[in-house]
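1. What would the 3D arrangement of this be:
(chains A and B)
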Amino acid sequence: MAQRWRSWSWLSKQVLEIVLKGVSYSYPDSGASPVYALSSLTLEVKAGDFLCILGPNGSGKSTLGRLFNALLLPTEGSVQVDGMDTRNAAFLWKIRTRVGMVFQNPDNQIVGTIVEEDIAFGLENLGIPPNEIRARVDWAMEKVGISNYAKHPPNLLSGGQKQRVAIAGVLAMKPSYIVLDEPTSLLDPKGREEALRTIQELHKEGITLILITHRMEEAMSASRLLVLEKGKLAFLGTPAQLVEELPAGGCQAAGGWNDELRRHAHLDLPPAIRLAQLLREGGIPLPPFLPRPEDLVRTLCALKRSA
Amino acid sequence: MRIEAERLTYIYGPGLPWEKRALDDLSLRIEEGEFVGLVGETGSGKSTLVQLLNGILRPTSGRVLLDGVDLTDRRKPVWKARLQVGLVFQFPESQLFAETVAEDIAFGPRNLGLDRQEVSKRVEESLLKVGLEPALFRQRSPFTLSGGEKRLVAIAGILAMCPRVLIVDEVTAGLDPRGKRDILTRIKLLHRNERTTVIMVSHDMDEIASLVERVVVLKGGRICRQGQTTEVFSDEESLAGCGIRLPTIPQILSSLGRAGWRLPVSIFDVQEAARLIAQECHRGAV
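-> Coordinates of the predicted model:
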């Protein structure tokens, strides 16, 4: 039994896909003329995807995140998780175990008095046998690198450690998808790095990720980006495509169809990407997309050596 | 207003098993009109220090002087001096409570016992200082505003007290790029136009590098390094010893430097960095 949960076997057995069809959402009591937090959004999130959702405050990112696991139900249209419609209450628990959620503030989702107890909380509620809970909790703690803190009270951990406890709690439920809503915005640089590394590891292992963030640096490692603006889809494509369409000056510069997207979605390219763009404009033969600062340094050095 | 911290020590829970020395014999002097960045790892004592500078906390030992007035003097009423140091906490929008923006901003000045006219004048002025048009925002409920606007209103509430020193703690955390830019622009203008002394606590070195004149780096409750921004951000190794990374552009320049490129490190402007790198490239005939 213990051995079984040490693998990622549950992932390969399912047909994995979240499908949103014409989804609109308006918060209840928004008055006579409803204000739509999201309007007519159609989207597929396939197995193995790493989708990053960007957009200004109030553009509908968190609303979208909550639609993925039936925390919110669409006002119009449908959301299907592995073929299960989120409006069908019979599927609710199945959907919630398949789509895990990690929120901005780990303090809001940590309930246990010690780390391992907290991670076991969800499993206990599912009525899973104790020895299997033990195995899964140990496995989840190992995966996010917090095994050494198993007996620690979570309130004495750092922000990055706490966020990893929250991720482990979700991971122990064996989800196919994890939705992370600004998981790093309250963390210091070290904590942010820890949490990001853990997130990227999970993606490599085959978990489908949906990451909501304001930080373009984080978005650059995603496989696809979705930019929301006033509840509408403003951009869907790879990070490389987005970078190509944003000039080095960021959103203050003008030009092209994407001008509107830039002006309203307020995206700023990370400094390293802007530097690469300026160098390219100045005639240095750099490839069109270098996601991380390290990539830029490596490419520049290779260019110099070959000169 | 000049701020002097003299040999400040602050101990949380003295005598308890979890006793923690948050500040350890720290001395610091900030002159009128300076723009200082306060950086350091989590737990290095930044938040404790700013709370001592504003008199919310009393030091275990040492003194805080505001233009020579000793904040720690228990014999004198020092609240007037304290009011001149405006502290914007992390996530200050959580302190908004009133039904309208104007009411919320008026709360502080009204408690000072100012008359009606003066209060409403201060409300108008503070809204303008944070770049929110009074006619559009005065009567709105703070809870209908965007995240960035809420934070600006919270800052306006502090500015309505007419502080001569403004301390902001992680003021852009959790905001979108536009909200960030708005707030930083407003703070820059306050510093330039009103000669307000500004102390900015942040984890974002790119933000610090683009704004402040002097950087103070804390580690373990002590000053680990301090100096002009360009000077502090030119030495990757000593900064790493304080648990701090270089801003992105200097980091790239420093990595290139280690690979044999002849480049200065403390350049924060992307265009300037691009120009220098291109120059080096052409020299090497890339």
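2. From A:Gly83, how far out is the residue lying closest to A:Thr86 once chain neighbours are set aside?
-> Setting aside the residues directly before and after it, A:Thr86 is nearest to A:Ala70 in space (Cβ to Cβ, 6 or more residues apart in numbering or on different chains), at 4.0 Å. Using the backbone N, CA and C atoms, a C-beta is placed for each residue, glycine as well. Counting by Cβ to Cβ, to the nearest Å, the gap from A:Ala70 to A:Gly83 is 14 Å.
3. Please identify which of these two sits among more neighbours.
-> The residue with more neighbours, out of A:Ala70 and A:Gly83, is A:Ala70; 23 against 11, by other Cβ atoms under 10 Å in any protein chain shown.
4. where's the residue nearest to A:Thr86 relative to A:Val79, distance?
-> From A:Ala70 to A:Val79 the distance is 8 Å (Cβ to Cβ).
5. excluding its backbone neighbours, what's nearest B:Cys242?
-> Leaving aside its sequence neighbours, B:Cys242 sits nearest to B:Cys224 (Cβ to Cβ, 6+ apart; 3.9 Å).
6. Tell me if the one you found really is in a helix.
-> No. The assignment for B:Cys224 by DSSP: H, G, I helix; E, B strand; the rest coil gives strand, which leaves it out of any helix.
7. Any idea which residue of the stretch 1-150 of chain B lies closest to chain A?
-> B:Gly147 (4.0 Å; Cβ to the nearest Cβ).
8. got a list of what that residue touches?
-> Neighbour list for B:Gly147: A:Asn57, A:Gly58, B:Glu93, B:Gly174, B:Leu175, B:Asp176, B:Gly179 [criterion: Cβ atoms under 8 Å, 6 or more residues apart in numbering or on different chains].
9. one more time with 10 Å, if that's ok
-> A:Pro56, A:Asn57, A:Gly58, B:Phe91, B:Glu93, B:Gly174, B:Leu175, B:Asp176, B:Gly179 (Cβ atoms under 10 Å, 6 or more residues apart in numbering or on different chains).
10. Secondary structure class of the fifth one, three-state.
-> Reducing the assignment to helix, strand or coil with three-state DSSP, the entry for B:Glu93 is helix.
11. hang on, isn't it packed against B:Ala173?
-> No. Using Cβ atoms under 10 Å as the test, B:Glu93 is too far from B:Ala173 to be in contact (11.1 Å).
12. hey, what's in contact with both of these two?
-> What both B:Glu93 and B:Ala173 touch, as defined by Cβ under 10 Å, 6+ apart, is the set B:Arg151.
13. so for whichever helix in chain A runs longest, what's the average pLDDT?
-> Longest helix in chain A by number of residues (criterion: DSSP state H): helix A:189-205. Average pLDDT, helix A:189-205: 87.
14. Keeping just the C-alphas, turn it into PDB.
-> C-alpha atoms of helix A:189-205 as PDB (Å, rounded to 0.1, in the frame of the first residue of the first chain):
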ATOM      1  CA  PRO A 189      12.200  36.500  -2.400                       C
ATOM      2  CA  LYS A 190      13.600  33.400  -0.800                       C
ATOM      3  CA  GLY A 191      10.100  32.100   0.000                       C
ATOM      4  CA  ARG A 192       9.000  32.900  -3.500                       C
ATOM      5  CA  GLU A 193      11.800  30.900  -5.000                       C
ATOM      6  CA  GLU A 194      11.100  27.900  -2.800                       C
ATOM      7  CA  ALA A 195       7.400  27.900  -3.700                       C
ATOM      8  CA  LEU A 196       8.100  28.400  -7.400                       C
ATOM      9  CA  ARG A 197      10.700  25.600  -7.500                       C
ATOM     10  CA  THR A 198       8.100  23.300  -5.900                       C
ATOM     11  CA  ILE A 199       5.500  24.400  -8.400                       C
ATOM     12  CA  GLN A 200       7.800  23.700 -11.400                       C
ATOM     13  CA  GLU A 201       8.700  20.300 -10.000                       C
ATOM     14  CA  LEU A 202       5.100  19.400  -9.800                       C
ATOM     15  CA  HIS A 203       4.600  20.300 -13.400                       C
ATOM     16  CA  LYS A 204       7.500  18.200 -14.400                       C
ATOM     17  CA  GLU A 205       6.000  15.200 -12.600                       C
END
